[in-house]
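*Asks:* how would this look folded up:
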Amino acid sequence: MTSTSEKDLYLLQKQMLQEQRRIKLRRLGRNRVAVIGTLIVLVMAVIAIAAPLIATHDPYAFAVADRLQPPSAQHLFGTDSMGQDVFSRVIYGTRTSMIVGLCVSVSAGVIGTLLGLYASTSKVLDHVLMRLCDGLKAIPSILFAICLMTMLGPDIKNVILSLAITSIPNMARIARSEALVVREQTYVEALRSTGATETRILWLHIAPNIISSIIVQMTFVFASSIIQEAALSFLGAGLPAGAPSWGNILSDGKNFIYKAWWLIVYPGIFTMLSVLGFNLFGDGLRDFFDPTKV
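*Replies:* Predicted structure coming up:
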């Protein structure tokens with residue numbers, strides 16, 4: 001009788017969770033802002049994946065005779081100061097931004113979560129790790145990234161490494177604060193009283209309960225990484241000058257802002273839309289994971 005009751009209770013709880021997810025998905029679908037953000041993210045992802053199919057020219061090919069041509073049927077977004085097709089460079093720049101954003105957000109999310117989780121287990125470790133994070137956060141992230149890129153050299157791998165290092169402290173702090181809140185829950189005390197080890201509690205019961213906050217924060221790190229990569233390339237401290245990057249196109253366009261407006265407008269629009277999309281997408285995820293909003 002007891003076994004049957006427990007089974008019925010488990011099935012009831014499962015049905016309630018499924019119904020709660022359906023309600024949240026319907027609510028998320030009615031959130032126009034979140035839907036717009038999701039669509040923008042999907043479009044950017046498709047452009048990044050299908051860049052070779054969408055681009056009309058080789059983004060690295062020079063045609064000096066066609067330099068600074070306005071938008072036309074042959075060159076949809078015009079050409080730059082070296083005669084390169086801006087449309088193709090913007091499309092491949094989307095791939096560059098998506099790769100940088102994805103790698104930075106994932107690496108910062110994983111490392112920051114590990115640091116935050118272990119910082120919540122020991123006061124000594126917490127003090128050491130958090131002081132290191134405070135030291136890194138005391139330096140403006142873009143300035144720190146420029147210093148790292150100066151030492152490492154212009155390369156996409158170095159851009160990812162630099163931006164990940166600057167993003168880890170914030171992720172670690174969020175993971176630590178969320179883990180400390182979960183540790184105060186009654187069920188964690190009950191687990192300890194039954195003899196559960198700290199490692200088991202940490203990975204099987206605390207980590208799953210903070211993952212939603214980490215995922216939401218990763219979307220904001222993604223958006224921030226896009227801006228920072230473009231800023232580094234614009235300042236000449238990011239990708240090599242010839243690499244297709246929104247920041248490189250903008251850097252070239254600043255010298256011809258009154259003569260070739262398309263060098264500023266098109267990469268600027270793509271940068272703005274991608275950052276806006278990921279921020280709106282992150283807001284939608286935050287509402288979806290919020291247990292108080294059913």
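
*Asks:* residues contacting the nearest residue to G83 once chain neighbours are set aside?
*Replies:* Using C-beta to C-beta, 6 or more residues apart in numbering and skipping residues adjacent in sequence, the residue nearest G83 is A63, 3.6 Å away. Every residue, glycine included, has its C-beta placed from N, CA and C. Contacts of A63 were listed using C-beta atoms under 8 Å, 6 or more residues apart in numbering, and they are 79, 82-84.

*Asks:* just how off-centre is the longest helix anywhere in the chain within its chain?
*Replies:* Determined from DSSP state H, the single longest helix within the chain is helix 86-119. Offset of helix 86-119 from its chain centre (C-alpha atoms, centre = their mean, to the nearest Å): 5 Å.

*Asks:* tell me what the very next helix or strand once past it is packed against?
*Replies:* The first helix or strand that comes after helix 86-119 along the chain, using DSSP states H and E, is helix 123-137. Under the contact criterion of 3 or more C-beta pairs under 8 Å, 6 or more residues apart in numbering; DSSP states H and E, helix 123-137 touches helix 86-119, helix 156-183.

*Asks:* which secondary structure elements does the helix or strand that the last one is followed by contact?
*Replies:* This means helix 156-183. Using DSSP H and E, the helix or strand that follows helix 156-183 towards the C-terminus is helix 186-193. The contact analysis (3+ C-beta pairs under 8 Å, 6+ apart) places helix 186-193 against helix 198-201.

*Asks:* For the helix or strand that the helix it packs on is followed by, which residues meet the burial criterion?
*Replies:* Note on helix 198-201: by DSSP H and E, the next helix or strand toward the C-terminus is helix 207-234. By 16 or more other C-beta atoms under 10 Å, the buried positions in helix 207-234 come out as 207, 210, 212-234.

*Asks:* just stretch 49-64 next, same as before
*Replies:* 51, 54-55, 57, 59.

*Asks:* what's the distance between N170 and G112?
*Replies:* Distance of N170 to G112, computed by C-beta to C-beta, to the nearest Å: 7 Å.

*Asks:* Number of residues surrounding V182?
*Replies:* 19 (other C-beta atoms under 10 Å).

*Asks:* if we can go back for a sec, would you convert the helices and strands packed on helix 123-137 into JSON lines that also reports distance to T271 and mean pLDDT?
*Replies:* Converted to JSON lines, those look like this (distance: least, C-beta to C-beta, whole Å; pLDDT from 0 to 100):
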{"stretch": "helix 86-119", "distance to T271": "8", "mean pLDDT": "94"}
{"stretch": "helix 156-183", "distance to T271": "15", "mean pLDDT": "91"}
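
*Asks:* OK, contacts around the most centrally placed residue in the chain?
*Replies:* Nearest residue to the geometric centre of the chain (C-alpha atoms, centre = their mean): F222, 1.5 Å. The contact partners of F222, taken as C-beta under 8 Å, 6+ apart, are 101-102, 104-105, 278.

*Asks:* Quick check: the two most widely separated of these?
*Replies:* The most widely separated members of those, counting by C-beta to C-beta, are V104 and F278 (12.1 Å).

*Asks:* Which one of the two is surrounded by more residues?
*Replies:* When V104 and F278 are compared on other C-beta under 10 Å, the one with more neighbours turns out to be V104, at 28 against 25.

*Asks:* When N170 and G112 are compared, which one has more neighbours?
*Replies:* For N170 versus G112, neighbours defined as other C-beta under 10 Å are more numerous around G112 (26 against 19).

*Asks:* Now do the same contact list for that one.
*Replies:* By C-beta under 8 Å, 6+ apart, the residues touching G112 are 167-172, 174-175, 214.

*Asks:* again, 7 Å this time
*Replies:* With contacts defined as C-beta atoms under 7 Å, 6 or more residues apart in numbering, the neighbours of G112 are 168, 171-172, 175.
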